[in-house]
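Participant: Need a 3D model of the following:
(one chain, ligands or ions: 2)
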Amino acid sequence: MRQPMSGCPFAHCQRGNQPSRARKLNTNHQRHSNSRCQKSSLMAALPLATAEVCDANTHLISSGELRALQPLFKIYGRRQVFSGPIVTLKVFEDNVLIREFLEEKGHGRVLVVDGGGSLRCAILGGNPVQQAQNNGWAGIVVNGCIRDVDEINGCDIGVRALGSHPFKANKKGMGEKHVAITIAGTRICDGEWLYADTDGILVSRTELTV
Ligand SMILES: O=C([O-])CC(=O)C(=O)O
Ligand SMILES: [Mg+2]
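Facilitator: Ligands and ions are numbered 1, 2, ... in the order given. Alright, predicted model coming up:
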């Protein structure tokens, strides 16, 4: 039976193993014209235009291999176009595990945090975003709030969040790493690929290549 578009029909979701296949795109799109993106994408996935990707890959959208997040996120950080393999994290009003991840080397990955959509405090602040930039993370997507917006907007990294809030989060260290999450109507698995630009955010089961 066909899975819904927002579903994640893949077995690796449950097992958490990394998809290895790269999907060749049916598109003539070349590299993004923003030169800063080209320089900063050396270690990461190619910056693809999300609208072109969708137009050229309706079959992947139909099969659920390519999904778009509902447009709930605000754009922060200097990199408006970013992409990379996804690391998932589920927390609620607690930011210890987010900081732990961003202290690691990023290797062009994108941290996707399901913060339960809480609008009651910020689970990401300026310090870990600075660290993420220095550690080579491509981006951070937060289903929740951030703070230190001016500081974050100065960082060479892509950040998406529902909004900003001045309250800090708890520091108990509660949460789950590398689990399947559902945010903005879309199920997302650790090891899938994320492509973000000013039109929106796509999640693909496999790496998309031009
Ligand atoms: O302290 C916090 O919880 C969040 C914050 O502002 C930061 O990390 O910069
Ligand atoms: Mg701060």
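
Participant: By mean pLDDT, point me to the weakest helix or strand of the chain.
Facilitator: Ranking every helix and strand in the chain by mean pLDDT, DSSP states H and E puts helix 35-40 at the bottom, with a mean of 36.

Participant: After that one, which helix or strand is next? Please name it.
Facilitator: Downstream of helix 35-40, the next assigned helix or strand under DSSP states H and E is helix 50-56.

Participant: buried ones in that following helix?
Facilitator: 50, 52-54, 56 (16 or more other Cβ atoms under 10 Å). Every residue, glycine included, has its C-beta placed from N, CA and C.

Participant: Include distance to Ile146 and pLDDT when you put those into JSON lines, please.
Facilitator: Listed next are the buried residues of helix 50-56 as JSON lines, based on distance: Cβ to Cβ, whole Å; pLDDT from 0 to 100:
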{"residue": "Thr50", "distance to Ile146": "22", "pLDDT": "97"}
{"residue": "Glu52", "distance to Ile146": "29", "pLDDT": "95"}
{"residue": "Val53", "distance to Ile146": "26", "pLDDT": "95"}
{"residue": "Cys54", "distance to Ile146": "27", "pLDDT": "96"}
{"residue": "Ala56", "distance to Ile146": "33", "pLDDT": "93"}
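
Participant: all helices of this structure, in order?
Facilitator: 12-15, 35-40, 50-56, 58-63, 96-102, 126-134, 149-153 (DSSP state H).

Participant: got the contact list for Val203?
Facilitator: By Cβ atoms under 8 Å, 6 or more residues apart in numbering, the residues touching Val203 are 66-69, 86, 186, 188, 192-195.

Participant: looking at the sheet around it, what are its partners?
Facilitator: As for beta bridges, Val203 partners with Arg67, Leu194 under DSSP bridges.

Participant: Would you tell me which residues of the protein are close to ligand 2?
Facilitator: 125-126, 148 (Cβ under 5 Å from the ion).

Participant: pLDDT and neighbour count added to those, as a markdown table?
Facilitator: Below are the residues of the chain next to ligand 2 laid out as a markdown table (pLDDT from 0 to 100; neighbours: other Cβ atoms under 10 Å):
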| residue | pLDDT | neighbour count |
| --- | --- | --- |
| Gly125 | 98 | 19 |
| Gly126 | 98 | 18 |
| Asp148 | 98 | 20 |
